[in-house]
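A.B. asks: Starting from these lines, generate the structure:
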Amino acid sequence: MRGISRTSLETVDERLGSVLASADTAALGRELFEVAALLDREHTLRRWLADPANPAEGKSGLAGNLLEAKVSPATILVVGDIVQARWSNPRDLVAAVERAAVFATVAGAEGEQRLGEVEDELFRFGRILSGEPELRAALTNEAATPAAKAELVGSLLGGKSDPATSALVTEVVTRPRGRTLEQGLEYYGQLVAERAQRYVALVRTAVALSDAQQERLRTTLSRAYGRPIHLNIDVDPKVLGGLSIRVGDEVIDGTIAGRLSEVRRRLAG
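C.D. replies: Alright, predicted model coming up:
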């Protein structure tokens, strides 16, 4: 997000923190995801709530009337804060609700210092999908009901991962919002990292890195970006040698495969 939306997001995040301190955060996360799904479906409502010409009090009043008796007071409070803020476009408003849902879902893990585990589990599940085409096909099967997909996720992750991880994977699988499974998992992983106030570096390497190598790389990147770095390491023989590192939109490609690709590009040009 940029401009007005970025400023609004900072205000919403600050307000959300005070709500999370006393709310049933798991329930809050579920309800906020439902609100995001509602806004996805109802285009007219989404546009009206994001229209800066409409009064802020009217927006929060409408949202409260629609949600009353369906969700908790905490959810109405969070949604009211979001719709009263100014957004560059309606999609930014929906993204703010989804972001708040993710933050609420992981609040329990955050309180127990387990955000790093949730990040790792989301990343590992994405890697499992890349190596299990039949599983991926089952989770993306348009003929399967959301309930059936959620049950499959539960059988895979229930009791084996953090409850927040299971909840986020279920959301990605049942309501992808135009993203692929891999994109959804990566996006939620980035939000979890942001909640932990650090960046995620996706590292592709031909061979596994030792603990010492990982620590040196983490330290180097943290100094370069001025923030703690969480490493997601993808061992991929196709890179041939060296490392490819992506932090946000920035890619540092020091792989042999990357250099060969650049040579081929220049020759073709």
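
A.B. asks: can we go C-alpha only for contacts and neighbour counts from here?
C.D. replies: OK.

A.B. asks: so what's V247 up against?
C.D. replies: Contacts for V247 (C-alpha atoms under 8 Å, 6 or more residues apart in numbering) come out as 199-202.

A.B. asks: I'd like these laid out as JSON lines, including secondary structure.
C.D. replies: Output for those, formatted as JSON lines (DSSP: H, G, I helix; E, B strand; the rest coil):
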{"residue": "Y199", "secondary structure": "strand"}
{"residue": "V200", "secondary structure": "strand"}
{"residue": "A201", "secondary structure": "strand"}
{"residue": "L202", "secondary structure": "strand"}
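
A.B. asks: quick one: which two of these are the most distant?
C.D. replies: Between any two of the contacts of V247, the greatest separation by C-alpha to C-alpha is 9.9 Å, found for Y199 and L202.

A.B. asks: More neighbours: which of the two?
C.D. replies: The neighbour comparison of Y199 against L202 (other C-alpha atoms under 10 Å) goes to Y199, with 23 against 19.

A.B. asks: correct me, but that one touches A193?
C.D. replies: Yes. Applying C-alpha atoms under 8 Å, one finds Y199 in contact with A193, separated by 5.9 Å.

A.B. asks: can you pull out the strands in the stretch 101-250 of the chain?
C.D. replies: For the stretch 101-250 of the chain, the strands defined by DSSP state E, counting those that start in this stretch cover 199-205, 229-235, 243-247, 250-253.

A.B. asks: if I look at T105, how far off is T7?
C.D. replies: Distance of T105 to T7, given as C-alpha to C-alpha, to the nearest Å: 23 Å.

A.B. asks: do Q183 as well
C.D. replies: From Q183 over to T7 the distance is 25 Å, taken as C-alpha to C-alpha.

A.B. asks: Ok, Y199 next?
C.D. replies: Counting by C-alpha to C-alpha, the separation of Y199 from T7 is 20 Å.

A.B. asks: can you check A69 too?
C.D. replies: 31 Å.

A.B. asks: Neighbour count: those two, which is higher?
C.D. replies: T7 (14 against 10).

A.B. asks: From V106, how far out is D162?
C.D. replies: For D162, the distance to V106 (C-alpha to C-alpha) stands at 9 Å.

A.B. asks: of the two, who's got more company?
C.D. replies: Using other C-alpha under 10 Å as the criterion, D162 and V106 rank with V106 on top: 25 against 18.

A.B. asks: quick one: contacts for the most centrally placed residue in the chain?
C.D. replies: Central residue check for the chain by C-alpha atoms, centre = their mean: the C-alpha nearest the mean position is that of Y188, 1.5 Å away. Shown in contact with Y188 (C-alpha under 8 Å, 6+ apart): 102, 168.

A.B. asks: Would you map the helices across this structure?
C.D. replies: Along the chain, counting by DSSP state H, helices occupy 3-20, 25-41, 43-50, 56-67, 73-84, 90-105, 107-111, 115-131, 133-140, 146-157, 163-174, 181-195, 211-225, 256-268.

A.B. asks: how about these in CSV, adding mean pLDDT and distance to L231?
C.D. replies: Shown next, in CSV, are the helices of the chain (pLDDT from 0 to 100; distance: least, C-alpha to C-alpha, whole Å):
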stretch, mean pLDDT, distance to L231
helix 3-20, 90, 25
helix 25-41, 97, 26
helix 43-50, 96, 36
helix 56-67, 95, 40
helix 73-84, 96, 32
helix 90-105, 97, 20
helix 107-111, 92, 18
helix 115-131, 91, 9
helix 133-140, 95, 24
helix 146-157, 95, 22
helix 163-174, 97, 18
helix 181-195, 93, 10
helix 211-225, 87, 7
helix 256-268, 59, 20
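
A.B. asks: hey, what's in contact with both of Y199 and A193?
C.D. replies: Contact criterion C-alpha under 8 Å, 6+ apart; residues shared by Y199 and A193: H230.
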